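# Predicted model, plus sequence, below.
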Amino acid sequence: MCGIVGYVGYDEAAGKIIEGLKKLEYRGYDSSGIAILSDKGIELNKCKGEIKNLENMIAGRVPSGTCGIGHTRWATHGKPTQINAHPHLGEYSCVIHNGIIENYKEL
């Protein structure tokens, strides 16, 4: 099952979101990712596999910001790849969703 974690506050968001995602591991997943709103814009990191892979990916360069979202994905549609992992980054926004978006072409 997928899981979504968000944080808006005064503390750094990345660590809080990673810890929240770890609490959802029992549900099963095949990829994970985080998006942090920073001074540079939206910093996106996502990967296939375990949350520890995501932690290793950002080690030494943890995105800095106090607002962010995270996701664990269980691939029911589409392969478990880095590209299919959430969040999905648009030109001005970042999206996480659970379930199937059947009208994605129209959107």
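Thanks, I have it. Numbering: from 1, shown residues only.
# What ranges in this protein fall below the confidence cut-off?
1 (pLDDT under 70).
# So which residues of it form strands?
3-8, 31-38, 41-48, 67-73, 88-89, 94-95 (DSSP state E).
# which of those strands is buried the deepest?
Greatest average neighbour count among the strands of the chain goes to strand 31-38 (a mean of 25), per mean count of other CB atoms under 10 Å. No exception for glycine: its C-beta is placed from N, CA and C like everyone else's.
# Who does that one pair with, and is each partner parallel or antiparallel?
Using DSSP bridges, strand 31-38 pairs in its sheet with strand 41-48 (antiparallel), strand 67-73 (antiparallel).
# if we can go back for a sec, would CSV of the strands of the chain with distance to Ile17 be doable?
Putting those into CSV (distance: least, CB to CB, whole Å) gives the following:
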stretch, distance to Ile17
strand 3-8, 5
strand 31-38, 5
strand 41-48, 11
strand 67-73, 4
strand 88-89, 16
strand 94-95, 13
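# Glu25: which of those strands is closest?
strand 67-73 (7.2 Å; CB to CB).
# Which residues does the closest one contact?
2-9, 13-14, 17-18, 20-21, 24-25, 27, 29-37, 51, 80, 84-87, 94, 96 (CB atoms under 8 Å, 6 or more residues apart in numbering).
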